[in-house]
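> show me the folded form of this:
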Amino acid sequence: MKLTAEQTTRALNALQHFAPIECSVCKHKEWAINDYLFEVRDFLGGGLTVDRAIVIPLVVLNCKTCSNTLLFNAVQLGVVASAG
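All right, here's what the predicted structure looks like:
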């Protein structure tokens, strides 16, 4: 799902509480927020099961120097509402 301008602002505001975030790989502190939300789901034995899966929406940050990737729970950041 593509982030709206409002969702991007909410994510950036929430992430300010952790700033500056130092990259654990290259030690730089410049990050880019991905324009899309991504998701992880629970492992259900290897088959693709969508109706019973627990899905966690994620805000993705990429280090501008080395491309290391950080994932943040979009619900906890206030970017999207909980489905439950």
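> tell me the secondary structure for Val60?
Val60 carries the three-state label strand when classified by DSSP: H, G, I helix; E, B strand; the rest coil.
> so that it lines up with my notes, have the first residue be 873 from now on.
Taking 873 as the first residue, the last one we looked at is Val932.
> report the beta-bridge partners for it.
For Val932, the beta-bridge partners are Leu943 (DSSP bridges).
> doesn't Phe910 make contact with it?
Yes: with contact defined as C-beta atoms under 8 Å, Val932 counts as touching Phe910 (5.7 Å). In short, each C-beta sits where N, CA and C put it, glycine included.
> hey, where'd the helices end up in this structure?
877-887 (DSSP state H).
> lowest-confidence helix or strand of it?
strand 910-913 (a mean of 89; mean pLDDT, DSSP states H and E).
> run the chain-centre distance for that strand.
Distance, stretch centre to chain centre, for strand 910-913: 9 Å (C-alpha atoms, centre = their mean, to the nearest Å).
> sorry, back to before: for Val932 and Phe910, list the residues in contact with both.
Leu943 (C-beta atoms under 8 Å, 6 or more residues apart in numbering).
> neighbour count: these two, which is higher?
Val932 (19 against 14; other C-beta atoms under 10 Å).
> pick out the residue nearest the middle of this protein.
Val931 (1.8 Å; C-alpha atoms, centre = their mean).
> let me know the pLDDT of the nearest residue to Pro929 once chain neighbours are set aside.
Distances taken as C-beta to C-beta, 6 or more residues apart in numbering place Ala946 nearest to Pro929, at 4.0 Å, with adjacent residues excluded. What the model reports for Ala946 is a pLDDT of 97.
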